[in-house]
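A.B. asks: Make a model of this:
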Amino acid sequence: MRTHYCGELSAALIDRSVALCGWAHRRRDHGGVIFIDLRDREGLAQVVFDPDRPEAFAIAERVRSEFVLRVNGKVRRRPAGTLNAELRSGEVEVLAHEVEILNPSAPLPFQIDDEHLNENTRLTYRVLDLRRDVMQKNLRLRYRTSMAVRNYLDAHGFIDIETPMLTRSTPEGARDYLVPSRVHPGEFFALPQSPQLFKQLLMVAGYDRYYQIVKCFRDEDLRADRQPEFTQIDVETSFLDERAIQGLMEGLVREVFRDVLGVDLPQPFARLTHAEAIARYGVDKPDLRVPLELTELTDVMKKTEFKVFRQAAEMAGGRVAALKVSAELTRKEIDDLTPFVATYGAKGLAYIKVNPDGLQSPIVKFLSQGVLDDILSRTQAKAGDLIFFGADKAKVVNDAMGALRLKLGHDKGIVEKGWRPLWVVDFPMFEWDDEGRRWGAMHHPFTAPKDGHEDLLLSDPGRALSKGYDMVLNGWEIGGGSVRIHRADVQAKVFKALGIADEEARNKFGFLLENLQFGAPPHGGIAFGLDRMVALMAGADSIRDVIAFPKTQRAQDLLMHAPSPVDEKQLRELGLRLREPPKA
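C.D. replies: This is a model prediction of the structure:
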């Protein structure tokens, strides 16, 4: 029906006849001449309707926003002074000879070029939202990213293997989405939170290098950038150690950015151990563009008389840390930071302002000159600087001061431009769950311990480090992986450390443990969050802006009105009955 896309028109086509199809983006009547900007996926073309062609002109008078049109006409150069350098087709226009309305459009709930849309409106009318230029660009960038990933992995010997969507429920840190079985009443499939176990089994099966761009599902309480269904670039390899896997995956991300954005990422990526990242930045996914760092003061504060600092320093698992900021803050700005850190559990936010004539702070009188000298020496603070303090359990201090570091860095413009990728390595094997009074896996229960740490799994699990690693980019974790456990005896030790009894382990993971006995190779891999990676590359505010049909923060699809009730007949066929009546 067409010879060219609208955005492809150029001066090379002048005096050529073309056929275009698309949507009426904008219509302008200039007193006898009608202009319609025709839009398709490649861009806009200006179409001119002259009264000398009365039939086409009469149809153009009826055209309204988002009518679907087919236009035949001749390409000509735009008159002097009317060129549009912002359009690919901005040198030319099409003089319409014929026009056909392929389909009219009902009045729109919003204008396609409206940049200030409520998100619920966008998601309710997602089909119209997807017509907007920014969304067209985002989804095409997502496609190019996926293709760059496939091309790189194919060139490095990986093969794409699909894994099941209907599998069994396994604990991986979030609730499973369950699917009732009609054929086996009372039994359920689960949608996979990741293909983790299947890709390990593929390594045991000898496939050596696997990948999959795959949907995963987690029924968890949603946060700003979480979706109940999301997309992973899932990768697994055999016979590579952690540095080799990281080198291969670093090459993947570098090539994707070069191919898709024309950006050369730093080489090699920076590396920090998990312990270093927490000590210096308070988080395990630091934004290295913010040059601010935490300063350790726990040992200094054990000798102070200031009760708030000394108690935190002497507490088991306590920490006192400082954050020096070289920026001007008003008293109101400083006061407003107290409720900010309170959201992370901090009970307050002490500070010292370094003035040319001395130190200014309500807490200075409680600190000895020796302690003050140590603070200034360690933070290297000078006149004009502010020093903020966190003193509490280490987790509270890390969370609060890490968030404060980011907030002040971005609010005060203390942010370097560009891309700052980072490997965070040597994660702890386990983290303590205060509520459950037990150890939990930091990554997942199939992560291998560092060489020489196997004996710590049962004797001192808090000190055991893993072969786990994350890739971080500008403060976002875009990928996480590890070398896996390939020996059944080591896997059994990890289950025991996690409080998973032999019978429970056999019941939940018997298929894995059994197959690890049949000559499982050393293996490991990584999973990248495709949604997060593309959102970063697109400069999008949310991953919802790079997903065609996302859910809301309440896990609802406003376009399809899902989830929705099902009728009683379907429930009876599945052997199900609702324990509570559905909400009206």
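
A.B. asks: Tell me the secondary structure of P268, please.
C.D. replies: In the three-state summary, P268 is assigned as coil, counting by DSSP: H, G, I helix; E, B strand; the rest coil.

A.B. asks: Number of residues surrounding it?
C.D. replies: A count of neighbours around P268, defined by other Cβ atoms under 10 Å, yields 12. For the C-beta atoms, the positions are set from N, CA and C on the backbone; glycine is no exception.

A.B. asks: cool, V204 as well?
C.D. replies: Burial of V204 is recorded as 18 neighbouring residues (other Cβ under 10 Å).

A.B. asks: Not including adjacent chain positions, what is the nearest residue to it?
C.D. replies: If the residues on either side of it in the chain are set aside, V204 comes closest to A520, at 4.6 Å by Cβ to Cβ, 6 or more residues apart in numbering.

A.B. asks: How about the secondary structure of that neighbour?
C.D. replies: Of the three states, A520 takes coil under three-state DSSP.

A.B. asks: May I see the buried residues of the helix or strand where G524 lies?
C.D. replies: Element membership for G524 (DSSP states H and E) is strand 523-529. Of all the residues in strand 523-529, those buried under the rule 16 or more other Cβ atoms under 10 Å are H523, G524, G525, I526, A527, F528, G529.

A.B. asks: Just list whatever residues bridge to the residue lying closest to L178 once chain neighbours are set aside.
C.D. replies: In space, L178 comes closest to F188 once its chain neighbours are excluded; the distance is 4.5 Å by Cβ to Cβ, 6+ apart. The bridge-partner assignment for F188, based on DSSP bridges, gives P180.

A.B. asks: tell me the contacts of F188?
C.D. replies: Residues near F188 by Cβ atoms under 8 Å, 6 or more residues apart in numbering: S169, L178, V179, P180, S181.

A.B. asks: Compute the number of surrounding residues for the residue lying closest to the third one once chain neighbours are set aside.
C.D. replies: For V179, the nearest residue in space outside its immediate sequence neighbours is F189; the separation is 4.2 Å by Cβ to Cβ, 6+ apart. A count of nearby residues for F189, using other Cβ under 10 Å, gives 18.

A.B. asks: my guess is F189 contacts D176, does it?
C.D. replies: No: with contact taken as Cβ atoms under 8 Å, F189 and D176 are classed as non-touching, separated by 9.2 Å.

A.B. asks: for stretch 74-87, which positions count as buried?
C.D. replies: V75, R78, L87.

A.B. asks: Please read off the pLDDT at the first one from the model.
C.D. replies: What it means is V75. For V75, the model assigns a pLDDT of 97.

A.B. asks: where does it fall, helix, sheet strand or coil?
C.D. replies: What three-state DSSP gives for V75 is strand.

A.B. asks: Now that we have the contacts of F188, can you turn them into TSV and tack on neighbour count, distance to G206 and pLDDT?
C.D. replies: Putting these into TSV (neighbours: other Cβ atoms under 10 Å; distance: Cβ to Cβ, whole Å; pLDDT from 0 to 100) gives the following:
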residue	neighbour count	distance to G206	pLDDT
S169	16	28	86
L178	12	32	94
V179	13	30	95
P180	16	35	95
S181	14	31	94
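
A.B. asks: Nearest to A346 among the residues you listed?
C.D. replies: Top of the list for closeness to A346, among the contacts of F188 and by Cβ to Cβ, is S169 at 37.5 Å.

A.B. asks: list the contacts for that closest one?
C.D. replies: D176, L178, F188, A190.

A.B. asks: If we use 6 Å, what do you get?
C.D. replies: With contact set as Cβ atoms under 6 Å, 6 or more residues apart in numbering, S169 has these partners: D176, A190.

A.B. asks: before we move on, what about H97?
C.D. replies: Residues touching H97, when contacts are defined by Cβ under 6 Å, 6+ apart, comprise N72, G73.

A.B. asks: Distance check, it against S10.
C.D. replies: Look at H97 and S10: by Cβ to Cβ, to the nearest Å, they are 20 Å apart.

A.B. asks: In the stretch 401-550 of the chain, what residue spans correspond to helices?
C.D. replies: Along the stretch 401-550 of the chain, counting by DSSP state H, counting those that start in this stretch, helices occupy 456-459, 488-497, 502-516, 530-538.

A.B. asks: and if you look at the stretch 251-400 of the chain?
C.D. replies: For the stretch 251-400 of the chain, helices defined by DSSP H, counting those that start in this stretch occupy the ranges 274-281, 298-301, 307-314, 331-342, 369-379, 394-411.

A.B. asks: Adjacent strands (with direction) for the helix or strand containing A96?
C.D. replies: Secondary structure assigned from DSSP H and E places A96 in strand 92-103. Next to strand 92-103 in the sheet, as set by DSSP bridges, lie strand 43-49 (parallel), strand 68-77 (antiparallel).

A.B. asks: what's in contact with the first one?
C.D. replies: Under the contact criterion Cβ under 6 Å, 6+ apart, strand 43-49 has outside partners 6-7, 9, 34-38, 56-57, 60, 71, 87-89, 93-96.

A.B. asks: What subset of those is buried?
C.D. replies: The neighbour-count criterion (16+ other Cβ under 10 Å) marks 6-7, 9, 34, 36-38, 56-57, 60, 71, 87-89, 93-96 among the contacts of strand 43-49 as buried.

A.B. asks: Please name the bridge partners of the nearest residue in space to W439 that is not next to it in sequence.
C.D. replies: Counting by Cβ to Cβ, 6+ apart, W439 lies nearest to F430, which is 4.1 Å off, once chain neighbours are set aside. Legend: beta-bridge partners of F430 under DSSP bridges are A441.
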